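A.B. asks: need a 3D model of the sequence below.
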Amino acid sequence: MLTHMLIRNAAKVHKLTIPVVPELGSQYVIADISGLGPPKATINQQPYAFQDGASYVSSKTEIRNIVVTIRYRQLSAGKSVQTLRRELYSIFPTNKKVNLRFESDDFVPVSTEAWVESHEPVIFSAEPSVQIVLLGLQPWLEGMNAISIPLEHISGFSGTSSQYMPIKNVGDVETGMLYGVFMDNTTPDIPETTNILFDNLYPDGGRRVVVLNSARLRAITGQKLRAGDTLYVESRPGHRGVSLVRSGLWYNAIGAIQNASLAVETQWSSLVPGIEGSNLINYSITGSTAAWQHSSAAATYTPLYEGI
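C.D. replies: You can find the predicted model right below:
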């Protein structure tokens, strides 16, 4: 069951922890909370003109609407109701973004960002309280258990591709990954023909590939891929992009993506939920065996959950 709600401001600086069951020294307690289950879906459909039913058009998951009722514990806190009420105004300011983290005794911690839509105190009551309505524009709850997996070179193999590593999405929702490729400082000259490929095989046999080209990096930064470079590929919806880190500077390198081939379409990789099986991922470097030998890579993802 839910045990605590932690509130942070937009900079994710911790401001307050509110328990569900009163604790010694706690100033507030959660009396009721809703909106932590799977959010509502909107199914768009077109009614048939001359027959029963309708045809499916599209669908989407709506925003998350969290409503929390908080009671004051003035005797435990040694403060007046008015003081506790006004302190809560500063913690949940209307029209401002806060970060909410929910902790349970039977589930992983999850968090979401939400905007305070309303903050309505119940003043004339035997048990003064406040009802706060928050809107989470991203419907999914983000797990605090980020998972990283190294993409290891195959021992004794002279090629330029890592072994396919299984990675299981333990969340409820399909999500993207953050790939990182690191060229060490002793990497020899890397030809412009060098490509870095990220390959994602799905349990159903599908495939997605992202290819980064050294010559395209030159067009962006003035120099091709070189020793000490780090490339990141972020494939989460809403966060997709490519970044190059060189000598402490960050470059937007989205233009380094090129078509994989006529047979394989370039697409952002993602992870299907674990109930559908494990995904297989790897990376490879073509056009330079030396670049491959002096590189390393890893993939990281954060599970998304429909609710707690």
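A.B. asks: may I have the phi/psi pair for Trp292?
C.D. replies: Taking degrees, to the nearest 10, you get phi -60, psi -50 for the backbone angles of Trp292.
A.B. asks: got it, and the one 3 residues further on?
C.D. replies: For Ser295, the backbone dihedrals (degrees, to the nearest 10) come out as phi -120, psi 160.
A.B. asks: does it really touch Phe182, like I thought?
C.D. replies: Yes. Because the distance of 6.6 Å satisfies C-beta atoms under 8 Å, Ser295 is recorded as touching Phe182. Bear in mind the C-beta positions are built from the backbone N, C-alpha and C, glycine included.
A.B. asks: for these two, indicate the residue with more neighbours.
C.D. replies: Of the pair Ser295 and Phe182, Ser295 is the one with more neighbours under other C-beta atoms under 10 Å, namely 25 against 16.
A.B. asks: what's the closest non-adjacent residue to that one?
C.D. replies: Using C-beta to C-beta, 6 or more residues apart in numbering and skipping residues adjacent in sequence, the residue nearest Ser295 is Met183, 5.5 Å away.
A.B. asks: and that neighbour, how far from Asn200?
C.D. replies: Distance check for Met183 against Asn200: by C-beta to C-beta, to the nearest Å, it reads 22 Å.
A.B. asks: Val233 now?
C.D. replies: 11 Å.
A.B. asks: around the residue nearest to Ser295, how many other residues sit close by?
C.D. replies: Using other C-beta under 10 Å as the criterion, Met183 is surrounded by 21 other residues.
A.B. asks: can you pull the pLDDT of it?
C.D. replies: You'll see Met183 listed with a pLDDT of 92.
A.B. asks: right, and it touches Leu225 too?
C.D. replies: Yes. Shown here, Met183 and Leu225 form a contact pair, counting by C-beta under 8 Å, at 6.9 Å.
A.B. asks: dump the residue contacts of Trp115.
C.D. replies: For Trp115, the contacting residues are 95-98, 134-135, 137, by C-beta atoms under 8 Å, 6 or more residues apart in numbering.
A.B. asks: nearest to Arg246 among the residues you listed?
C.D. replies: Among the contacts of Trp115, Lys97 lies closest to Arg246 (C-beta to C-beta), at 32.5 Å.
A.B. asks: run through the stretch 1-150 of the chain and note the low-pLDDT ranges.
C.D. replies: Scanning the stretch 1-150 of the chain for pLDDT under 70 picks out 76-77.
A.B. asks: cutoff 90 now
C.D. replies: 1, 9-15, 22-26, 50, 73-82, 90, 122-128, 144-147 (pLDDT under 90).
A.B. asks: please name the bridge partners of the nearest residue to Lys12 once chain neighbours are set aside.
C.D. replies: In space, not counting the residues next to it along the chain, Lys12 is nearest to Asn99; the distance is 5.2 Å by C-beta to C-beta, 6+ apart. Each beta-bridge partner of Asn99 is listed here, defined by DSSP bridges: Arg8, Glu113.
A.B. asks: OK, contacts around Asn99?
C.D. replies: 7-10, 12, 111-113.
A.B. asks: ok, now with 6 Å
C.D. replies: The neighbours of Asn99, taking C-beta atoms under 6 Å, 6 or more residues apart in numbering as the test, are 8, 12, 113.
A.B. asks: of the residues you listed, keep whichever come out buried.
C.D. replies: Buried positions within the contacts of Asn99, assessed by neighbour count (16 or more other C-beta atoms under 10 Å), are 8, 113.
A.B. asks: check the contacts of Asn99 against Arg71 and report the nearest one.
C.D. replies: Using C-beta to C-beta, Arg8 is the member of the contacts of Asn99 that lies nearest Arg71, at 21.5 Å.
A.B. asks: backbone dihedrals for the residue nearest to Ile66 when sequence neighbours are not counted, please?
C.D. replies: Using C-beta to C-beta, 6+ apart and skipping the chain neighbours, the partner closest in space to Ile66 is Gly35 (3.8 Å). Its backbone dihedrals place Gly35 at phi 90, psi 20, with angles given as degrees, to the nearest 10.
A.B. asks: Gly35 reaches Asn65, doesn't it?
C.D. replies: Yes. If you go by C-beta atoms under 6 Å, Gly35 and Asn65 touch, sitting 5.0 Å apart.
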